[in-house]
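Novice: Next one to model:
(one chain, ligands or ions: 1)
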Amino acid sequence: MDGAVTRRVGLDVGGTNIKRVVLEDEIVVDRESEPTRSEDGPAAVLDRLVALAREADAAEVGVAFPGLFDAEGRGLLFPNLDGDWKGRPIREPLSRGLGLPVALVNDGHAFALAEARVGAAGGAPNVICIVCGTGIGGGLVVGGRLHLGVDDRAGEVGHHTVVLDGPPCNCGNHGCLELYAGSRAIARAAGRPSFDATVAAARTGDDQAVAAITRAGELIGVAIANLTIFVAPERVVVGGGVAEAGELLFDPLRAELQRRAANVAPLEHIELVRATLGPDAGAIGAALFAAG
Ligand SMILES: [Zn+2]
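Specialist: Below is the predicted model of the structure:
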């Protein structure tokens with residue numbers, strides 16, 4: 001029927017919660033969250049996803065996971081979920097349970113698609129998105145389309161080298177961005193129990209906390225300078241829990257971007273913005289990804 005809206009559901013499986021949004025075309029009409037309880041095992045999590053998607057009564061289903069899949073929709077690496085996901089079919093049981101095709105997407109890619117299309121980038125055609133939480137991920141939208149890369153592996157910006165002789169990372173490299181600008185890394189450098197405690201201390205002027213957040217901002221700025229010189233996007237979006245530090249993070253980040261890229265990239269036409277969709281970005285992106 002002409003003019004009918006398409007109802008889509010997006011699910012975002014996090015280490016703590018599964019988020020669900022329902023979109024009618026590109027408008028969020030419903031949002032829901034429930035505990036992931038990955039300690040119950042992969043089969044229970046997959047059943048929970050089927051139940052959540054079925055309730056939404058949608059024609060298209062997308063699911064974002066914090067990790068990597070193979071081409072057949074089996075799990076490869078889900079470091080933040082309990083249980084043995086490696087080699088486990090994911091797309092097939094979801095699709096069978098729902099009687100619908102299911103699109104799987106990495107959560108960093110889902111975040112990027114959502115923020116680029118309906119969030120902070122406002123539909124700009126070329127967008128770099130970085131999401132800084134415990135880990136750091138991201139995605140690139142080029143010409144309005146999400147760039148997945150070979151084996152869908154593009155966007156691992158957390159493993160971008162920012163310090164040549166830095167400490168070893170569990171990816172096998174040294175001096176990766178995540179070692180300095182992930183939320184736990186910042187708290188550790190600040191000598192605080194959590195990222196939130198670090199931000200609170202920095203706001204009262206604690207030197208060690210300010211230094212840790214400043215260093216993270218500078219190094220995210222280095223990564224963005226490198227990416228921006230190469231891609232020349234209209235917008236760069238930074239989100240995730242670390243962005244909650246606000247100007248404590250963004251002031252050194254912008255300064256570093258200017259210092260390293262101003263004479264090469266057209267920074268006067270490149271806007272650096274904070275993500276706007278909040279914790280629902282991954283689920284929104286999963287629903288948009290299902291739409292193709
Ligand atoms: Zn690494």
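
Novice: show me where the stretch 1-150 of the chain has strands.
Specialist: Using DSSP state E, counting those that start in this stretch, the strands found in the stretch 1-150 of the chain span residues 7-13, 17-24, 27-35, 60-65, 68-69, 75-77, 102-106, 127-132, 136-142, 145-147.

Novice: between those strands, which gets nearest to Arg96?
Specialist: Ranking the strands of the stretch 1-150 of the chain by proximity to Arg96 (C-beta to C-beta) places strand 102-106 first, at 9.4 Å. No exception for glycine: its C-beta is placed from N, CA and C like everyone else's.

Novice: can you count the residues close to Asp84?
Specialist: Using other C-beta atoms under 10 Å, Asp84 is surrounded by 11 other residues.

Novice: my guess is it meets Val45, correct?
Specialist: No: applying C-beta atoms under 8 Å, one finds Asp84 not in contact with Val45, separated by 11.9 Å.

Novice: What are the buried residues along the helix or strand containing Ala255?
Specialist: Using DSSP states H and E, Ala255 sits within helix 247-261. Buried positions in helix 247-261, judged by neighbour count with 16 or more other C-beta atoms under 10 Å: 248-250, 252-254, 256-257, 260-261.

Novice: From these, pick the one nearest Gly149.
Specialist: If you rank the buried residues of helix 247-261 by distance to Gly149 using C-beta to C-beta, Ala261 comes first, at 23.0 Å.

Novice: Return the residues in contact with the closest residue to the closest one other than its chain neighbours.
Specialist: The shortest distance from Ala261 to any non-neighbouring residue, by C-beta to C-beta, 6 or more residues apart in numbering, is to Ala225 (4.1 Å). Residues near Ala225 by C-beta atoms under 8 Å, 6 or more residues apart in numbering: 256-257, 259-261, 265.

Novice: Make JSON lines from the residues you listed and add pLDDT to it.
Specialist: Converted to JSON lines, those look like this (pLDDT from 0 to 100):
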{"residue": "Glu256", "pLDDT": "98"}
{"residue": "Leu257", "pLDDT": "98"}
{"residue": "Arg259", "pLDDT": "98"}
{"residue": "Arg260", "pLDDT": "97"}
{"residue": "Ala261", "pLDDT": "97"}
{"residue": "Ala265", "pLDDT": "96"}
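
Novice: Now render the residues you listed as TSV, adding distance to Glu115.
Specialist: Output for the contacts of Ala225, formatted as TSV (distance: C-beta to C-beta, whole Å):
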residue	distance to Glu115
Glu256	21
Leu257	18
Arg259	25
Arg260	23
Ala261	21
Ala265	20
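
Novice: from the residues you listed, which is closest to the ion?
Specialist: Comparing the contacts of Ala225 against the ion with C-beta to the ion places Glu256 closest, at 20.1 Å.

Novice: which ones are touching the closest one?
Specialist: 217-219, 221-222, 225.

Novice: Kindly recompute the last result at 6 Å.
Specialist: By C-beta atoms under 6 Å, 6 or more residues apart in numbering, the contact list for Glu256 reads 218, 221-222.

Novice: what's the closest of those to Ile284?
Specialist: Nearest to Ile284 among these, with distances taken as C-beta to C-beta, is Gly221, at 27.0 Å.

Novice: Check the gap between that closest one and the ion for me.
Specialist: 18 Å (C-beta to the ion, to the nearest Å).

Novice: element containing that residue, please.
Specialist: Counting by DSSP H and E, Gly221 is part of helix 207-231.

Novice: Run me through the strand neighbours of the helix or strand following that helix, direction for each.
Specialist: The helix or strand immediately downstream of helix 207-231 is strand 235-239, counting by DSSP H and E. The pairing partners recorded for strand 235-239 under DSSP bridges are strand 127-132 (parallel), strand 271-274 (parallel).

Novice: quick one, which of those strands is packed in tightest?
Specialist: strand 127-132 (a mean of 30; mean count of other C-beta atoms under 10 Å).

Novice: Other residues contacting that one?
Specialist: Outside strand 127-132, the residues touching it (C-beta under 6 Å, 6+ apart) are 108, 111-112, 115-116, 121, 137-141, 157, 181, 227, 231, 233, 235-240, 242.

Novice: repeat that for 8 Å
Specialist: Contacts to strand 127-132, defined as C-beta under 8 Å, 6+ apart, come from residues 108, 111-112, 115-116, 121, 136-141, 157, 181-183, 216, 220, 223-224, 227-228, 231, 233-243, 275, 281.

Novice: before we move on, the earlier item: got the contacts of Ala225 as CSV, with distance to the ion columns?
Specialist: Below are the contacts of Ala225 laid out as CSV (distance: C-beta to the ion, whole Å):
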residue, distance to the ion
Glu256, 20
Leu257, 22
Arg259, 24
Arg260, 21
Ala261, 23
Ala265, 25
